[in-house]
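**Q** pasting the sequence and the predicted coordinates here, then a few questions.
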Amino acid sequence: MKKSKITTLIIMFIFGVTVFSSCKRSNNNKTPTQFSQTKILHNATVNGINLPDGTKAIRINKSKVKFIFPKGFQLWYLDNNHHIQKMAESGYTCSCSSSGGCNVVYVKEQYGCMQGGCTGSCTGTPGKGLANRDNIAFVNLNQKISPVQSQKEFDSLSYIPKFLLYDPQIAQMLKTYARSIYKKDVDINSVLKKIDTHKGFNSDINNIVYVQMKMLGYKFIYGILVNDLTKAKSTNNMWNIAPSKAKCECKSGTSGCTSGSIWGVKYCKGGSCTKCKMN
């Protein structure tokens, strides 16, 4: 009886080592995580794109997982017709080039594919919105427009992508905010036009001041016409003035990365620059 138990334990040990080694070989020495039906994600990445913390991953089957973003979060992206699409969920699928199926795995906070029963090669395909890394943004609709509270907070955020500013919903948010800070008899459209056509970037306490703001999970530089502010807004010292060193810089491609403005928000116009950023 004892000999039989020992033999069984040895067989189980060898089997366990063999399976573990097989998994490591199939994933470049990274042990895959076989997640349960539902998993709450933190620091997760798909196709080089960071998903919002709290995203829910639902396993549809071995080859497909669906992502449901946290309440108030949406993935916005430009489609091939340059229209903004908005999604509250997406996914990831592993496909086999031959017979059998591939398994979706979660390795070191990244999604990928494991051979599984596939007799060919496996290909991982991100869902809509996650397939293209350009002109996409996770928008936090829970965060309204407001001044930043500190330089540390401002530095921790990314600048708002230019394409978001052309969405009617965002335009309305910015116009509504402008109405809340300026005097009632002020023509908001005229104020915003004056700020947007102003070429300078240095703040002028007697005219236009550029301040640090946040909305939708992003930061931005916002121009305000100080003489037309309500008395409450002009005297409570709520603004952090933006440093004049902020500028547009072309990281890749030819020239053309220059400063622009819409709805009072400063942004960078790409032009011939393929990677234009505000620093």
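**A** Sure, I can see it. Residues are numbered from 1 along each chain as shown.
**Q** name the nearest residue to T258, ignoring sequence neighbours.
**A** If you skip the residues right next to it in sequence, T258 has K269 as its closest partner in space, 5.3 Å away by C-beta to C-beta, 6 or more residues apart in numbering. (C-beta placed from N, C-alpha, C; glycine too.)
**Q** mind listing the helices for the stretch 51-200 of the chain?
**A** For the stretch 51-200 of the chain, the helices identified by DSSP state H, counting those that start in this stretch occupy 151-156, 168-181, 188-197, in order along the chain.
**Q** now render these as CSV, adding mean neighbour count and distance to Q74.
**A** Formatted as CSV, the helices of the stretch 51-200 of the chain follow (neighbours: other C-beta atoms under 10 Å; distance: least, C-beta to C-beta, whole Å):
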stretch, mean neighbour count, distance to Q74
helix 151-156, 12, 21
helix 168-181, 15, 10
helix 188-197, 15, 26
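**Q** including mean pLDDT and distance to G217, could those go into TSV?
**A** TSV is the format used below for those (pLDDT from 0 to 100; distance: least, C-beta to C-beta, whole Å):
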stretch	mean pLDDT	distance to G217
helix 151-156	92	11
helix 168-181	95	13
helix 188-197	95	23
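**Q** residues contacting the closest residue to Y218 other than its chain neighbours?
**A** Once its chain neighbours are removed from consideration, Y218 has its nearest residue in I160; the separation is 3.8 Å (C-beta to C-beta, 6+ apart). Going by C-beta atoms under 8 Å, 6 or more residues apart in numbering, I160 touches A137, M215, L216, Y218, K219, F220, V265, Y267.
**Q** the same query, at a cut-off of 7 Å, please.
**A** L216, Y218, K219, F220 (C-beta atoms under 7 Å, 6 or more residues apart in numbering).
**Q** repeat that for S255.
**A** Each residue near S255 by C-beta under 7 Å, 6+ apart is listed here: G271, S272, C273.
**Q** ok, the first one - how many residues close by?
**A** The number of residues packed near G271 is 16, by other C-beta atoms under 10 Å.
**Q** tell me which residues touch it, please.
**A** The neighbourhood of G271, defined by C-beta under 7 Å, 6+ apart, consists of S255, G256, C257, T258.
**Q** on that earlier part again, distance of the residue nearest to Y218 from K144?
**A** Plainly put, I160 is 14 Å away from K144 if you go by C-beta to C-beta, to the nearest Å.
**Q** nearest residue to T254 in space, please, no chain neighbours.
**A** In space, not counting the residues next to it along the chain, T254 is nearest to S272; the distance is 4.2 Å by C-beta to C-beta, 6+ apart.
**Q** just checking, the one you found touches T258?
**A** No: look at S272 against T258 with C-beta atoms under 7 Å: they stay out of range, at 10.6 Å.
**Q** neighbour count winner among the two?
**A** More neighbours sit around T258 than around the other of S272 and T258, counting by other C-beta under 10 Å; the figures are 14 against 11.
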